[in-house]
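[1] Here is a sequence with its predicted model. Questions after.
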Amino acid sequence: MSTTADRLTPNPRDRNAANADSGTAPGLSIVVPLFNEAASLERLHTRLVEVAEHLAASRSLVCEVVYVDDGSHDDTLAIARALPASTLDIQVVSLSRNFGKEAALLAGLDHSRRGAVLFIDGDGQHPPALIDTLVGHWLDDDCDVVYTAKAHRANESWTRRVAVHAFYTLINWGARTKIPEDAGDFRLLSPRAANALRRLPERNRFFKGLASWIGFRQMRIDYEPEARVDGRSTWNTRRLIGLSVNGLTAFSVAPLRFATMLGVVLAVIAFIYGLQIVYETLVYGGQVPGYPSLFVGIMVLGGMQLIMLGVVGEYIGKILEEIKGRPVYFVAEHDVKLAADAKQSATGTRTAAE
């Protein structure tokens, strides 16, 4: 069965919050954000079907998969629509344009109909076989958030490793809730943890930080990312920097604190340098340095002021977006395929042919 809906329908976030509280939607929703993943989607879907069949047999856990197409330019949406709903329900949520990964994750969270929610990337580098382990810690160990993290970064460049470490050091500086270093979006949320994320009102979201901020019982699982088999990554340096800046300004005030501390350090240095000049002039009769020192001082202070204004401007921009109250995303089309309906339809077709 296929239905089409848009964002003007009742807010799925409110509906799912009620479902999570009442327990009327047991099971697991697997949310997969997609952006130009036509080459790897069919392979990933086959592996997710195998995982869903295993969970149904071993734990009687009903699964669905929610594919969120974030304005792809290739055939991702067409391939997602054509995927067969043989043993698990399929939702295909097509956003009106590219809103970014955080918006796609929120759209998947809003449209998930089962109790627990699992986020997994669509490029195939998050191993679907690990889903059974995450589910085990949720059901057997009563963990609300089971998140994964890279076991190591030995295959990455030294520059990238330093940049990643600096990012987590800055975002966790002075924070009451620490974000685990190297943690990714591949994580499972229990029904109450997923419901807690839905209740957060902010529009500028950083899911890695929010999943830690909500609390509850959390567990870390280290894993080895799989090599990308099909397609190529769309995460270039510019997009990674943009995501890092958005995460810092959406979740932490560390950049403001850093700017304040830097300003204090420069003020102390300038004061000490001023005292030195006065001392040398009065005691040794030395002359005050001329244009070179003045020019360098103005350039340093001017540059730091512009940087600090930029940091403040980023936060003002975030405040402006929150005040405007625009929706995080718009849904262009929403297709639903139910596994039960697919079986009934297939049976009917065979009967008619006979």
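    Perfect, thanks for sending it.
[2] how about the helices in this protein?
    Along the chain, the segments classed as helices by DSSP state H run 12-22, 38-59, 76-82, 101-111, 131-139, 158-171, 191-199, 207-213, 237-251, 254-284, 291-324, 339-353.
[3] what residues are up against Glu102?
    Listed by CB atoms under 8 Å, 6 or more residues apart in numbering, the contact set of Glu102 reads Arg205, Phe206, Phe207, Asn246. From N, CA and C alone the C-beta is placed, and that goes for glycine too.
[4] Then Leu189?
    Here Leu189 is in contact with Ala116, Val117, Leu118, Phe119, Asp144, Val145, Leu197, Ala211 (criterion: CB under 8 Å, 6+ apart).
[5] Keep only those of these that are in strands.
    Ala116, Val117, Leu118, Phe119, Val145 (DSSP state E).
[6] which among the residues you listed end up buried?
    Ala116, Val117, Leu118, Phe119, Val145 (16 or more other CB atoms under 10 Å).
[7] from memory the first one sits against Ser190, does it?
    Read that as Ala116. Yes: contact criterion CB atoms under 8 Å: Ala116 and Ser190 qualify, at 5.5 Å.
[8] Tell me how far Pro135 lies from Cys143.
    For residue 135 the amino acid is Val, not Pro. From Val135 over to Cys143 the distance is 10 Å, taken as CB to CB, to the nearest Å.
[9] what about these two, which has more around it?
    Val135 (22 against 19; other CB atoms under 10 Å).
[10] Excluding chain neighbours, what is closest to the more buried one?
    Nearest residue to Val135, sequence neighbours excluded (CB to CB, 6 or more residues apart in numbering): Leu55, at 6.3 Å.
[11] dump the residue contacts of the one you found.
    Leu55 is in contact with Leu28, Leu61, Cys63, Ile131, Asp132, Val135, counting by CB under 8 Å, 6+ apart.
[12] Name the nearest of the residues you listed relative to Trp173.
    Ranked by distance to Trp173 (CB to CB), these are led by Ile131 at 33.5 Å.
[13] ok, now how distant is that closest one from Glu314?
    Where Glu314 is concerned, Ile131 sits at a distance of 36 Å (CB to CB).
[14] What of Val331?
    29 Å.
[15] next one: Ala56
    46 Å.
[16] what does Leu55 give?
    Using CB to CB, we find Leu55 at a distance of 42 Å from Glu314.
[17] What pLDDT is listed against Thr46?
    Predicted confidence (pLDDT) for Thr46: 87.
[18] tell me, how many neighbours does it end up with?
    Thr46: 12 surrounding residues under other CB under 10 Å.
[19] cool, and Ala332?
    Ala332: 16 surrounding residues under other CB under 10 Å.
[20] circling back: TSV for the contacts of Leu55, including distance to Ala151?
    TSV is the format used below for these (distance: CB to CB, whole Å):
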residue	distance to Ala151
Leu28	25
Leu61	27
Cys63	27
Ile131	17
Asp132	18
Val135	20
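[21] Take these and, keeping just the buried ones, write it as a PyMOL select command.
    Selection of the buried residues among the contacts of Leu55 in PyMOL, burial being defined by 16+ other CB under 10 Å:
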select buried, resi 28+61+63+131+135
